[in-house]
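**Q** kindly return the folded structure for what I paste below:
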Amino acid sequence: QVQLAESGGGLVQAGGSLRLTCAGSGLTFSTYSMGWFRQAPGKEREFVGSISWSSGRTNYADSVKGRFTISRDNAKNTVYLQMNSLKPEDTAVYYCAAKRWKPVVLLDNDYWGQGTQVTVSS
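**A** Next up, the predicted model:
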C-alpha cells in the first residue's frame, strides 16, 4: 500500500521559514517525480513545485520562485519543501504528490498525501 505522509506544517510569522517533509512508503520512490501543491480556503488546489525522478530537475510556480526550494533524498524516500520569506498568502494546506516516470505538473498524479496546514501570520 502506497502512502505519502507530509509533516512540518505549522504557524509562522511573515518572513519566517518552514520545511515540509513528505515521506513515501510502498513505492519505488526513485522512479517517481514528486510535487508539492497547496490549497487555500475557497480556492482551487494549485501547483507549487516539483522535482523529477531522474535528474533532480526542479520546477516552481512563479509565486514561490526564489523563496521555495524542493529537494529529495531517495535513500530516505523523502522529498522536502523548504519555504523561506513566507507571506500570509502562502497560507494553505500543502500536499505532496507522486507520479511515476512523468513530470508532476498537473493534478492527475498517481498518489497524494493527506496534507499539512501552513499558516503565515502578518
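
**Q** list the buried residues in the helix or strand where Arg19 lies.
**A** Using DSSP states H and E, the element containing Arg19 is strand 18-25. Neighbour-count burial for strand 18-25, counted by 16 or more other Cβ atoms under 10 Å, picks out 18, 20-24. All C-beta atoms are positioned from the backbone trio N, CA, C, and that covers glycine.

**Q** what's the closest non-adjacent residue to the residue most central in space within the chain?
**A** Centroid-nearest residue in the chain: Trp36, 2.5 Å away (criterion: Cα atoms, centre = their mean). Closest residue in space to Trp36, ignoring its immediate chain neighbours: Val48 at 4.2 Å, by Cβ to Cβ, 6 or more residues apart in numbering.

**Q** tell me if I am right that the one you found is in a strand.
**A** Yes - assessed with DSSP: H, G, I helix; E, B strand; the rest coil, Val48 lies in a strand.

**Q** what's near enough to touch it?
**A** 35-38, 60-61, 64, 68, 81, 94 (Cβ atoms under 8 Å, 6 or more residues apart in numbering).
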